[in-house]
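Engineer: how does the following fold in three dimensions:
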Amino acid sequence: MRVVNIVASVDLGSDVNLEGSFEVLPKSIYESDQFPALTYQMERPKVSFIIFCTGKMVCTGAKTRHELV
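Structural biologist: The predicted structure is shown next:
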């Protein structure tokens, strides 16, 4: 068996300013009329985050626990 994708959910514990985050995070996508969350894709490690204004976040694409931290 081998791990190919780890999905993690996180509650940051506070609200997130998605418009402000969009301005400072390269390769992020935020189109509030299309989807109510910001999508941020890192290059190294190749991990994607879906971040909601409530502070809830989903991380996908990690292959090890270390890539999530």
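Engineer: CA atoms for contacts and neighbours, from now on please.
Structural biologist: Will do.
Engineer: can you classify Val7 by secondary structure?
Structural biologist: The local conformation at Val7, judged by DSSP: H, G, I helix; E, B strand; the rest coil, is strand.
Engineer: ok, the residue lying closest to it once chain neighbours are set aside - contacts?
Structural biologist: Nearest residue to Val7, sequence neighbours excluded (C-alpha to C-alpha, 6 or more residues apart in numbering): Thr60, at 4.6 Å. Counting by C-alpha atoms under 8 Å, 6 or more residues apart in numbering, Thr60 touches Asn5, Ile6, Val7, Ala8, Val47, Ser48, Phe49.
Engineer: Three-state assignment for Thr60, please.
Structural biologist: strand.
Engineer: just Glu19 next, same as before
Structural biologist: helix.
Engineer: isn't it right up against Glu31?
Structural biologist: No: when contacts are counted by C-alpha atoms under 8 Å, Glu19 is not listed as touching Glu31 (9.4 Å).
Engineer: follow-up on the earlier one: would you mind measuring from the residue nearest to Val7 to Asp33?
Structural biologist: Thr60 is 23 Å from Asp33, where distance means C-alpha to C-alpha, to the nearest Å.
Engineer: now Ala8
Structural biologist: 25 Å.
Engineer: give me the more crowded residue out of these two.
Structural biologist: Ala8 (14 against 7; other C-alpha atoms under 10 Å).
Engineer: helix or strand: which one has the most centrally placed residue in the chain?
Structural biologist: Centroid-nearest residue in the chain, with C-alpha atoms, centre = their mean: Phe49, separated by 1.4 Å. Using DSSP states H and E, the element containing Phe49 is strand 48-52.
Engineer: likewise for Phe22?
Structural biologist: Phe22 belongs to helix 18-24 when assigned by DSSP H and E.
Engineer: now do that helix: which elements does it pack against?
Structural biologist: Packed against helix 18-24, as judged by 3 or more C-alpha pairs under 8 Å, 6 or more residues apart in numbering; DSSP states H and E, are the following elements: strand 37-41.
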